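In: Have a look at this prediction, sequence included:
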Amino acid sequence: MSAKSPIFVFVIDDHPILRKGLQAEIESDTSLKFIGSSDSIKDGLNLMKFKNVDVLIMDISLKEENGISELTTIKNKFPFLKVIFFTMHRDWDYLQKAANLGADAYILKTETSTNIISIIKNVFNGKKIFPEEIVGLQNEIDSNEELIKKLNSLSKREKEILVHLKSGKLNREIAEDLQISIRTVETHRSSIMQKLEIHSTIGFAKLLLRLQTSNLV
């Protein structure tokens, strides 16, 4: 019986020490194989064309590139590739947009090496992994009937902004689309949370995840 093929992993990050650290962690597990790294998305994708990559670990904020902005291009070029964002951004807007565009995992650079190895394997096997403090919470609003009543209390503009938020857009993108200020978007967002009786950013994030899988708005 032939040996099981390892999981081939590529890393894109503009910090050399971090790339070396990830390489050492990946090479410490015989079921994984580190096959290269790059400090830019452009160069990384050029290298990946000649390699059989299963999992890409990538930062979001690189010198002149943004991993989330490039995610659709990456997925189109490598449709079977699993993409893990490895970032310092503890930001719901970033996480939501990454998830909506097809990221397979979003993990923080504070993760232990043991967790990173486990995440690579789980993502390769089809699991989606996002911070537990967001996706592991219970909904603050339990019934659809109760939620519908509260959604009906929103103004036309608030519903419009909620739809944009649900789609994963950032506040500044919503402001540009609707030709209003970012401050106005933030004010509407606060009003939406108040009317829906949601008292935390985490609770609102969970609601948006729920709305993405429903036709309530």
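Out: Nice, I can see it.

In: Spatially central residue (nearest the centroid) of this protein, please.
Out: Residue closest to the average C-alpha location in the chain (Cα atoms, centre = their mean): residue 98, at 3.1 Å.

In: Next up, the contacts around that one.
Out: By Cβ atoms under 8 Å, 6 or more residues apart in numbering, the contact list for residue 98 reads 60, 68, 71, 85, 106. All C-beta spots, glycine's among them, are computed from the backbone N, C-alpha and C.

In: the strands in the chain, which residues?
Out: Assigned by DSSP state E, the strands in the chain fall at 7-12, 32-38, 55-58, 82-87, 105-108.

In: Need those in JSON lines (columns: mean pLDDT).
Out: Shown next, in JSON lines, are the strands of the chain (pLDDT from 0 to 100):
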{"stretch": "strand 7-12", "mean pLDDT": "97"}
{"stretch": "strand 32-38", "mean pLDDT": "95"}
{"stretch": "strand 55-58", "mean pLDDT": "96"}
{"stretch": "strand 82-87", "mean pLDDT": "94"}
{"stretch": "strand 105-108", "mean pLDDT": "89"}
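
In: which one of those lies closest to residue 20?
Out: Closest approach to residue 20 among these is made by strand 32-38 (8.6 Å; Cβ to Cβ).

In: about what we covered before: hmm, which two among the contacts of residue 98 are most spread apart?
Out: Using Cβ to Cβ, these reach their maximum pairwise distance at 71 and 106, which is 11.1 Å.

In: of these two, who's got more company?
Out: Higher neighbour count among residue 71 and residue 106: residue 106, with 25 against 21, using other Cβ atoms under 10 Å.
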